[in-house]
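Novice: quick one, fold the following:
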Amino acid sequence: MAVEQTSTISWYLRMFSYLLMICGLFGLAVGGVVIYGALADGAAAATGLPLSALVLGVAAAVANGITIAAGVLGRAASRNPGRSAALRSLALAGVVASVFGLGLCYATGGQPPTSLIFNLLLMAICVVIAGNLGKSVQ
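Specialist: Next comes the predicted model:
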């Protein structure tokens, strides 16, 4: 029974890892576009908009970089469940980065970005899946 449960969790983790990599790449590209827009638009410098856009772009880039790394590590953990503790730690770092990015966006006067909220949700799900995989291995 434990082998069947572990293989089911591993399959879900493998599919979720692909989703993490795709969403992370998309979010990283969006973060890069936001950073470019904040730095390239000189006319908006007087309004203070580039600071909040720059913070949003950097926070999105960092959080989505962690998401990509979690996807790659999740793919490896689906084949070797012993790596589930490392995946859980990386996913917790993604949760912290997303919350920190949301706080920075709020502090600079920007609206809460949907991309960071979605990334927070993905990382929270990854923490749960990695925790369940770790429990099923023990």
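Novice: could you list the low-pLDDT ranges of this protein?
Specialist: By pLDDT under 70, the low-scoring segments of the chain are 1-6, 41-49, 138.
Novice: which non-adjacent residue is nearest the residue positioned nearest the centre of the chain?
Specialist: Nearest residue to the geometric centre of the chain (C-alpha atoms, centre = their mean): residue 67, 3.3 Å. Spatially, and ignoring its direct neighbours in sequence, residue 67 is nearest to residue 24 (3.6 Å; C-beta to C-beta, 6 or more residues apart in numbering). All C-beta atoms are positioned from the backbone trio N, CA, C, and that covers glycine.
Novice: try residue 58
Specialist: residue 35 (6.5 Å).
Novice: pretty sure the one you found contacts residue 55?
Specialist: No - contact criterion C-beta atoms under 8 Å: residue 35 and residue 55 do not qualify, at 9.8 Å.
Novice: how far does stretch 112-121 sit from its chain's centre?
Specialist: When C-alpha coordinates are averaged (C-alpha atoms, centre = their mean, to the nearest Å), stretch 112-121 and its chain have centres 9 Å apart.
Novice: that older thread, immediately after the host helix or strand of the residue nearest to residue 67, which helix or strand?
Specialist: Assigned by DSSP states H and E, residue 24 falls within helix 2-40. Going down the chain from helix 2-40, the next helix or strand is helix 49-79, by DSSP H and E.
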